[in-house]
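> Curious how this folds, go ahead:
(one chain, ligands or ions: 2)
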Amino acid sequence: GQVINLADYRPTDFVLERVDLTFELDPTATKVDARLIFHRRKGADPKAPLVLDGDELALSGLLFDQTEMKASQYTATPDSLTIRNLPKSKPFELTITTIINPEANTKLMGLYRTNGVYCTQCEAEGFRRITYFPDRPDVLAPYTITIIGDKAANPVMLSNGNFLGGAGYDEGRAFAAWFDPHPKPSYLFALVAGDLGVVEDTFVTMSEREVTLKIYVEHGKEARAAYAMDALKRSMKWDEERFGREYDLDIFMIVAVSDFNMGAMENKGLNVFNDKYVLADPETATDQDYANIEAIIAHEYFHNWTGNRITCRDWFQLCLKEGLTVYRDHEFSADMRSRPVKRIAEVRHLKSEQFPEDGGPLAHPVRPTTYREINNFYTTTVYEKGSEVTRMIATLLGKDLFKKGMDLYFDRHDGQAVTIEDFVKSFEDVSGRDLTQFSLWYHQAGTPLVTAAGAYDAAAKSFTLALEQMVPATPGQTDKKPMHIPLSIALFAEDGTPLEPSSVDGAEYGDNVLHLTERSQKATFKGIGSRPIVSINRSFSAPINLHFDQSPADLALLARHETDHFARWQALTDLALPTLLAAARDARDGKPVVASKDFVEALLAAAADETLEPAFRAQALALPSESDIARELGGNNDPDAIHAGRSAVLQQVADAGKSVFASLYDSMTTPGDFSPDARSAGRRALRNSALTYLSYAENVPDRAKAAFDAANNMTDLMQALTILAHRFPDSSEAAAALSTFHDRFAGNALVIDKWFSVQATIPGTKALERVLKLMDNPQFKRSNPNRVRALVGTFAFGNPTGFGRADGEGYRFLAREILDIDTRNPQLAARILTSMRSWRSLEPARAEHARKALTAIAKAPALSTDVRDIVERTLK
Ligand code: HT7
Ligand code: ZN
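Numbers count the residues shown, from 1 in each chain. Ligands and ions are numbered 1, 2, ... in the order given. Predicted coordinates for the structure are as follows:
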């Protein structure tokens with residue numbers, strides 16, 4: 001693959017006016033007629049040929065203004081169609097015919113078949129697998145679509161926009177026609193056809209238009225789409241109320257499919273979803289599944305404005321739509337659920353996924369300037385760090401100006417394909433604030449490290465905070481400039497009452513936000529009557545690593561008295577980490593592990609504090625994960641020692657808090673019918689957390705087995721199963737529960753994925769043999785991304801001791817699997833391979849095994865561009 005550079009961007013020579021597509025569906029030979037009307041752009045080279053993109057295409061016919069083109073006037077290859085001698089200014093029509101094979105499309109890009117249903121995925125560059133086209137996001141046009149297909153096999157034939165009509169066509173065939181008046185780029189095109197069940201509803205918009213809502217699922221699964229429909233209606237309402245955004249077609253459709261490379265896709269008026277993020281009922285979905293469905297339904301719906309109405313000029317601008325839309329879905333979930341608990345979950349995710357990416361060989365800016373394979377840039381940096389950057393703009397401007405900036409952005413750029421600079425300019429224009437330095441967040445990769453030290457001057461009643469920032473070197477970027485870092489700060493007296501400074505010198509400060517803009521800066525808080533206990537980066541106002549040496553007593557005070565509950569959780573984490581890091585080192589050195597008393601006491605106090613919501617207490621009890629500990633240790637990591645150390649700490653917390661956990665387990669019940677609401681989910685989370693600790697304290701599987709037998713919902717069932725399988729893997733109780741679970745849910749692929757995952761993450765050296773055996777299970781389908789992710793992906797990403805076993809067999813297994821998956825689905829292979837991104841932080845023997853496995857992949861003769869790009873960057 002070629003390297004693409006942002007600096008080379010230039011507009012197309014030809015403007016696309018209209019697109020008219022006719023599909024004659026056939027499982028192995030679908031005929032596509034693309035009628036495209038173009039004119040040469042004003043000022044463009046009058047001799048420039050029209051170069052259209054293709055990918056594995058063969059040209060079957062080419063008409064210019066309805067007449068066949070001479071072979072001398074064009075050149076067709078599988079990946080391009082070049083047409084010469086085109087008119088200087090007048091519009092012309094091309095009719096391009098291609099014949100494609102959906103059944104053979106295992107890459108799941110372009111038009112493919114999933115469980116007998118025709119389906120498309122065009123982002124980022126899938127449309128060029130359907131027809132030759134200017135397949136780039138800055139080419140926008142209205143589309144008319146005609147679908148012709150076997151009537152019995154395809155009672156449902158869908159595309160973007162509003163339904164024009166449909167009828168019988170010829171023997172046994174029918175047609176349906178759709179028109180999407182909103183100019184859109186090709187990546188938002190979608191077609192779905194097949195025999196599907198549907199759930200219908202309506203939504204009345206703020207200007208009183210009735211919109212038809214339809215969710216298509218496999219027959220028999222309609223009832224499992226009810227929660228998704230509810231989430232959709234709440235999303236539509238929320239976007240009107242919070243962002244003033246109204247839906248703009250007569251119909252909004254969602255289709256759930258079982259083979260899908262990602263979570264979902266925001267095609268205009270016709271979202272296509274991985275069925276995992278649509279289907280839910282109490283018997284089969286966990287509380288986390290419900291929360292994911294709500295968030296992803298919202299995310300794709302919100303793209304209608306942030307992504308579809310205003311789209312990206314080029315793929316370097318991906319964060320323009322993704323970072324912003326993640327920010328919007330985070331805010332939605334925060335409003336639907338508990339804001340602090342949601343923020344804790346976001347930050348946990350950011351730290352466990354994005355921080356390692358930003359600190360490893362795959363680090364890249366939120367707005368990259370170069371890529372070899374765009375599919376590899378749908379990353380947690382673009383999405384989650386991109387969202388954090390948007391959140392910081394909201395923090396810097398405040399609520400009202402942020403809203404004004406968003407309104408200006410929508411007004412100014414509706415119908416356009418724009419850049420991050422355009423986005424930022426809207427906020428500069430409404431606020432008068434210069435965001436040049438702030439924009440480094442888009443351009444500089446790496447997680448900034450902020451070091452803070454405080455000094456109190458009792459005589460002057462002032463407190464000085466000395467701050468330093470350092471942005472680590474990342475691939476291709478060695479010299480970093482200081483960033484504009486908004487730090488939300490609060491000061492507390494020793495009795496926990498807030499202290500308000502009369503003024504702050506040395507830094508811009510307002511609304512409790514201190515603006516760190518220099519490499520090194522001192523801020524003096526005046527009018528502080530007693531030694532303050534300082535809380536920095538409240539609500540995680542900036543995505544940074546913070547080094548601030550605070551005493552356990554101060555952290556314990558924050559854990560108890562901070563008014564921002566996110567900051568309470570942060571204080572508990574800061575108390576936990578030194579204990580966990582020491583535990584990993586002690587376990588490695590064969591020394592006894594001792595959990596600090598301050599930490600255990602603060603944790604148990606939070607667990608038992610009835611003034612705190614249960615979901616928060618459950619988050620407090622979930623200690624930093626093994627990979628969090630590995631990241632904090634920074635290098636020379638031994639996964640076995642980290643696991644042993646963390647388990648020993650868990651054991652000590654469990655022993656010390658046995659009575660607390662027993663009483664939580666008894667009291668945090670959720671009587672009555674199951675409800676997935678946040679409050680009930682929080683109670684289940686806390687009760688299940690107590691159950692986990694009790695499994696350590698009691699050290700027998702009995703209670704988990706009883707919980708497994710009594711569970712009336714998937715959350716409780718999975719937690720009990722996980723405890724049995726992970727804590728007592730060799731017990732007869734674990735074996736029986738796994739087998740019962742399997743038999744009860746055989747045939748329900750999404751639940752069997754949970755069964756695969758729970759076994760793939762059983763710690764220890766036997767994990768690989770277990771995974772290999774599970775791959776022979778008839779329910780494991782190599783062609784299905786969800787199955788592969790559930791087993792191979794979960795093993796590589798979520799089982800540090802099993803995957804990282806000392807003899808390197810885990811890494812060699814992954815190398816073999818990546819090469820195999822790559823032959824069918826390069827995107828999936830490349831994504832799972834990113835599980836190796838932190839290999840350099842391993843202790844030398846494991847790092848050497850990992851390096852060899854990566855080298856074996858790199859040396860394979862026929863690698864996809866996707867895998868080649870990831871493996872070469874990972875090894876660099
Ligand atoms: N915008 C969507 C991205 C996506 C995608 C990208 C590459 C290959 C397959 C894909 N499926 C969906 C999803 C989103 O962020 O909303
Ligand atoms: Zn998105």
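> Could you check how many residues crowd around the residue in the chain that ligand 1 sits nearest to?
Closest approach between the chain and ligand 1, counting by C-beta to the nearest ligand atom: residue 262, at 3.5 Å. Glycine gets a C-beta too; all of them are placed from N, C-alpha and C. Residues lying near residue 262 (other C-beta atoms under 10 Å) number 19.
> What ranges does the stretch 501-650 of the chain have for its strands?
Under the criterion DSSP state E, counting those that start in this stretch, the stretch 501-650 of the chain carries strands at the ranges 503-505, 508-510, 513-516, 520-526, 533-536, 545-548.
> highest average neighbour count across those strands?
Stretch with highest mean neighbour count among the strands of the stretch 501-650 of the chain: strand 533-536 (a mean of 24; mean count of other C-beta atoms under 10 Å).
> returning to that earlier point: could I get the strands of the stretch 501-650 of the chain in CSV, plus columns for mean pLDDT and distance to ligand 1?
Below are the strands of the stretch 501-650 of the chain laid out as CSV (pLDDT from 0 to 100; distance: least, C-beta to the nearest ligand atom, whole Å):
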stretch, mean pLDDT, distance to ligand 1
strand 503-505, 98, 40
strand 508-510, 98, 34
strand 513-516, 98, 29
strand 520-526, 98, 37
strand 533-536, 98, 32
strand 545-548, 98, 27
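> Identify the residue spatially nearest to residue 184, adjacent ones excluded.
Leaving aside its chain neighbours, residue 184 sits nearest to residue 268 (5.2 Å; criterion: C-beta to C-beta, 6 or more residues apart in numbering).
> per-residue confidence for residue 294?
At residue 294, the predicted lDDT confidence score is 98.
> which one is it nearest to, not counting chain neighbours?
The spatial neighbour of residue 294 that comes closest, neighbours along the chain excluded (C-beta to C-beta, 6+ apart), is residue 231 at 4.4 Å.
> count of neighbours near the one you found?
Here the neighbour count serves as a burial measure; for residue 231 (other C-beta under 10 Å) it reads 24.
> so it sits in a helix?
Yes: assigned with DSSP: H, G, I helix; E, B strand; the rest coil, residue 231 falls within a helix.
> before we move on, the earlier item: show me what contacts the residue nearest to residue 184?
Residues touching residue 268, when contacts are defined by C-beta atoms under 8 Å, 6 or more residues apart in numbering, comprise 160, 161, 180, 182, 184, 188, 189, 190, 249, 304, 308.
> List the buried residues in the one helix or strand the fourth one maps to.
Secondary structure assigned from DSSP states H and E places residue 182 in strand 173-184. Neighbour-count burial for strand 173-184, with 16 or more other C-beta atoms under 10 Å as criterion, is recorded at 173, 174, 175, 176, 177, 178, 179, 180, 182, 183, 184.
> do stretch 572-582 as well
Along stretch 572-582, these residues count as buried under the neighbour rule (16+ other C-beta under 10 Å): 572, 573, 574, 575, 576, 577, 579, 580, 581, 582.
> now stretch 413-431
Of the residues in stretch 413-431, those buried (16+ other C-beta under 10 Å) are 413, 417-420, 422-428, 430-431.
> Sitting in strands, which of those do you find?
417, 418 (DSSP state E).
> quick revisit: of the contacts of residue 268, list those near ligand 1.
Restricting the contacts of residue 268 to those touching ligand 1 (C-beta under 6 Å from any ligand atom) yields no residues.
> So this protein: which segments form each domain?
1-195, 311-443, 449-545, 550-699, 746-876 (automatic domain parsing).
> Which one of those domains lies nearest to residue 275?
Each of these was scored for nearness to residue 275 using C-beta to C-beta, and the closest is domain 746-876 (6.8 Å).
> Now do the closest one, average pLDDT.
Taken as a whole, domain 746-876 has an average pLDDT of 98.
> cool, and stretch 372-383?
Per-residue pLDDT over stretch 372-383 has a mean of 98.
> Could you do stretch 390-403 as well?
Average pLDDT, stretch 390-403: 98.
> returning to that earlier point: mind checking which of the contacts of residue 268 land in strands?
Per DSSP E, the subset of these in strands is 180, 182, 184.
> these two touch, right, the first one and residue 142?
It stands for residue 180. Yes: using C-beta atoms under 8 Å as the test, residue 180 is close enough to residue 142 to be in contact (6.2 Å).
> on that earlier part again, kindly indicate which of the buried residues of strand 173-184 lies nearest residue 236.
Checking those one by one against residue 236 (C-beta to C-beta), the nearest turns out to be residue 182, at 16.8 Å.
> Tell me the spacing between that closest one and residue 432.
Distance of residue 182 to residue 432, given as C-beta to C-beta, to the nearest Å: 33 Å.
> do the same with residue 662
Going from residue 662 to residue 432 by C-beta to C-beta gives 59 Å.
> OK, contacts around residue 252?
In this structure, residue 252 makes contact with 203, 211, 212, 213, 214, 232, 236, 269, 271, 301, judged by C-beta under 8 Å, 6+ apart.
> Neighbouring strands - and their directions - for the one helix or strand residue 32 maps to?
Secondary structure assigned from DSSP H and E places residue 32 in strand 30-40. Strand partners for strand 30-40, identified by DSSP bridges, are recorded as strand 14-24 (antiparallel), strand 92-100 (antiparallel).
> Distance from the chain centre to it, please.
34 Å (C-alpha atoms, centre = their mean, to the nearest Å).
> Which residue is the nearest non-sequential neighbour of residue 517?
Using C-beta to C-beta, 6+ apart, the closest residue to residue 517 is residue 484 (5.1 Å).
> and residue 245, which of the strands of the stretch 501-650 of the chain is closest to it?
Set against residue 245 and scored by C-beta to C-beta, those come closest in strand 513-516, at 27.3 Å.
> what comes into contact with that closest one?
395-396, 450, 465, 467, 469, 484-489, 504, 507-509, 523, 541.
> Swap in 6 Å and give it another go.
Contacts of strand 513-516 with the rest of the structure, by C-beta atoms under 6 Å, 6 or more residues apart in numbering, involve 467, 485, 486, 487, 488, 489, 507, 508, 523.
> Tell me the strands beside that strand, with direction?
Take DSSP bridges as the rule and strand 513-516 pairs in its sheet with strand 485-492 (antiparallel), strand 508-510 (antiparallel).
> ok so, going back, can you put the contacts of residue 252 in TSV and add secondary structure, neighbour count and pLDDT?
Conversion of the contacts of residue 252 to TSV gives the following (DSSP: H, G, I helix; E, B strand; the rest coil; neighbours: other C-beta atoms under 10 Å; pLDDT from 0 to 100):
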residue	secondary structure	neighbour count	pLDDT
203	strand	18	99
211	strand	19	98
212	strand	15	98
213	strand	18	99
214	strand	19	99
232	helix	24	99
236	helix	24	99
269	coil	27	99
271	strand	25	99
301	helix	28	99
